[in-house]
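Trainee: Give the three-dimensional model of this entry:
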Amino acid sequence: MPSLWRRGAVGGFRVTFIEDNRSLIMARTTFSIITVSCDQGSLLRGAIESALRHECVDIEHIIIERGATAESAQVASEYPHVLFIQEPFITESQALNCALSQATGDVVSILSPGERYCADAFAHVAEEIQRHPIVMGAVSLTSASGDVVEKIENMERSWFDSLKYWVARAMPSRVGVFFKREILLELGIEGDDAFDEGLRFVPDFDLWLRLQERHPFSLSLPTVVATSPVSYSKVSASYQRELSRIYRRHCSRRIHPEQSLSFVVACDEPNDQFDVFIESIQGQSLPGLEVVLVDSRGTSASYDQLCYQASQYESRFRNLTFQVVPIHNDPQSKVTPVDRGVRAARSALVACVQPRGDMPKHFAVEVLRLFLRDEVGLVLPRLEKQVASQLFTIKHGTAVFNPTGPFSLASVAPIDYVVRKVAWLDCGRSLSYEKLFEREFVSKRLMVMMAHKAWRVVHEPLLSAEREASNSAEEPFRLYVNSLVVDELAREMKRSPFSIARANLGFGLVLSDDLWQAAQEVIRNIPEGSLVDDGELSIERLRAIVGERPAYGPARYVLAKALEGNGDARLAKVERSQWEDIHKDEKSSPLYGGVGVYGSKRP
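Mentor: From the prediction side, this is the model:
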């Protein structure tokens, strides 16, 4: 039987005189401090005393001793507010559940024996937790001599940020997290079932992700609330496997995969070449494949036609699952067809490839092999040598993604990719700016955001690359596409300070303010409502755009092509000459070629 006693009720520190509103809040907020010890009685006194230094706060301190020695019991017996339970040889998860089942306070915090609360920590938390049920505070890591080695900010972060366990500081420091006990009940989590008892090393990782599904870690205090001894212990393989297990569990809960792999195709109308493509998917050696057909025309008639075609395919290819996704021509909805298709896919992995019939039999199996590494978010299966050399550099014999590479890609360079769906969701919605370069914008944005979000981008030649990459200097939209990508990256960094901190640790991209300002200057020159779409705008409309925005090169470029097509060679030559002058200036911009984004800190 475990030894258990309680000396006193919650809070031996009630106040009878309230001086200010802050004290009133503190007096009404009760704290349950949980400490799990394993024969660490010599450290417990300091942990207990660090909580007692806070006046005007009701505290209960629940100590679970997993060891068999009596020292912890002797220390705990000296403090009337401590609930002490000795249960030898249980796991940390079991001990935490035991403590939570006994907790009665409003706010829960977990304090290890070697950690210490700072003065006024509870006062700050009690005030802020009225606004949000989870509050994080900064934590100082200290050396054996007590010197501060590092300060962990415990910044606000998204569920996706916490999920990526391979990123330094992805999980907040546990002692800096305070949460209302009532949110466990709100999520249907019983106190004795909060921590997965099948986990030995990082049970809090699983709980944090469960809590963030409903309550994001969005309230962060700059105040240092606790100190924790710095640890230089090596992470074991068992520890890594447990992290991976939790990661995959929560990815599945987010995605609910029903198939092994989905193929997303935005199509106008299936043709004979498309039939060959479907047959190559049918011949894959991996079962459980899905084909998502996105109706890019966006009419009721085209959607009905595509649904009929899908039903015909299902009758011919019985081991494939088909899904048709409509695209409504809503001017308020600018989400790209491929974004709709990926989000609708019923698989954890989604292939967005050109509908050609050259897919090898083991393509799907090889894709699954590449994604066995949890940090892989994007696989590029078909790249020309020139494009591959732009996107990847060789370091120590390994191809490493170069985040400046996408900005140098030719506008017409086709990019096929297979994406982890949870990584796609992490990168946010892919918005459409215009048809002429939508494919280029989506692929550039995707690669850059993957690198910034600390997902790994890899290349393996699973599909044949027969085309030659374009070396054409006639890339009227490159500057504008690059500027839009830089602008979105900068806005993401503005929204998420954690992403900047992550990048400074080597997991993400760093961008200068000057480059963002240059991108905004370029974007301001883009005509309202539309970028130029070759073949859809009349010569009169193109002339009007040139008149309104004479420095907007793409308008002159497309106007020159339209005049050539109309047989007016003289005027076409004039417009092309003016475009070439503008394009020379565009090429001199730092946004035209290798844009200065960096992995880790800027050199």
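Trainee: Doesn't residue 291 belong to a strand?
Mentor: Yes: counting by DSSP: H, G, I helix; E, B strand; the rest coil, residue 291 is found in a strand.
Trainee: who's in contact with it?
Mentor: Residue 291 makes contact with 262-263, 265, 278, 281, 313, 320-323, according to CB atoms under 8 Å, 6 or more residues apart in numbering. Heads up, the C-betas are built off the backbone N, CA and C, glycines and all.
Trainee: What of residue 62?
Mentor: With CB under 8 Å, 6+ apart, residue 62 has these contacts: 32-35, 82-83, 85, 99, 102-103.
Trainee: That one in helix, strand or coil?
Mentor: Going by three-state DSSP: residue 62 is strand.
Trainee: what pLDDT does the residue positioned nearest the centre of the chain get?
Mentor: Centroid-nearest residue in the chain, with CA atoms, centre = their mean: residue 426, separated by 3.5 Å. Residue 426 is assigned a predicted lDDT (pLDDT) of 95.
Trainee: Spatially nearest residue to it (excluding sequence neighbours)?
Mentor: Among residues not flanking residue 426 along the chain, residue 160 sits closest, at 4.0 Å (CB to CB, 6 or more residues apart in numbering).
Trainee: which outside residues touch the one helix or strand the one you found maps to?
Mentor: Assigning secondary structure by DSSP states H and E places residue 160 in helix 159-163. When contacts are defined by CB under 8 Å, 6+ apart, helix 159-163 is touched by residues 167, 170-172, 205, 208-209, 212-213, 216-217, 247, 250-251, 422, 425-426, 453, 496, 498-499, 502.
Trainee: which element follows it toward the C-terminus?
Mentor: strand 177-180.
Trainee: Show me what that next one packs onto, helices and strands only.
Mentor: strand 107-110, strand 134-142 (3 or more CB pairs under 8 Å, 6 or more residues apart in numbering; DSSP states H and E).
Trainee: Break the chain down into its domains, please.
Mentor: Per automatic domain parsing, the structural domains of the chain span 3-254, 255-473.
Trainee: Can you lay out those as a markdown table showing distance to residue 569?
Mentor: Output for the domains of the chain, formatted as a markdown table (distance: least, CB to CB, whole Å):
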| stretch | distance to residue 569 |
| --- | --- |
| domain 3-254 | 54 |
| domain 255-473 | 21 |
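Trainee: and of those, who's closest to residue 549?
Mentor: When the domains of the chain are compared by CB to CB, domain 255-473 sits nearest residue 549, at 14.6 Å.
Trainee: distance of residue 145 from residue 176?
Mentor: According to CB to CB, to the nearest Å, residue 145 and residue 176 sit 22 Å apart.
Trainee: Which one of the two is surrounded by more residues?
Mentor: Taking other CB atoms under 10 Å, residue 145 and residue 176 do not tie; residue 176 has more neighbours (27 against 5).
Trainee: residues contacting the more buried one?
Mentor: Residue 176 touches 136-139, 152, 154, 225-226, counting by CB under 8 Å, 6+ apart.
Trainee: how about 7 Å then?
Mentor: Contacts for residue 176 were tallied using CB atoms under 7 Å, 6 or more residues apart in numbering; they are 136-139, 154, 225-226.
Trainee: bridging residues for residue 322?
Mentor: residue 291 (DSSP bridges).
Trainee: Give me the pLDDT for it.
Mentor: 95.
Trainee: Name the SS class of the residue lying farthest from the centre of the chain, please.
Mentor: Distance from the C-alpha centroid of the chain peaks at residue 570, with 52.3 Å (CA atoms, centre = their mean). Three-state assignment for residue 570 (three-state DSSP): helix.
Trainee: rewinding a little: just put the contacts of residue 176 in a markdown table and tack on pLDDT and distance to residue 369.
Mentor: Compiled in a markdown table, the contacts of residue 176 are given as follows (pLDDT from 0 to 100; distance: CB to CB, whole Å):
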| residue | pLDDT | distance to residue 369 |
| --- | --- | --- |
| 136 | 95 | 38 |
| 137 | 94 | 43 |
| 138 | 94 | 41 |
| 139 | 94 | 39 |
| 154 | 91 | 37 |
| 225 | 90 | 44 |
| 226 | 89 | 43 |
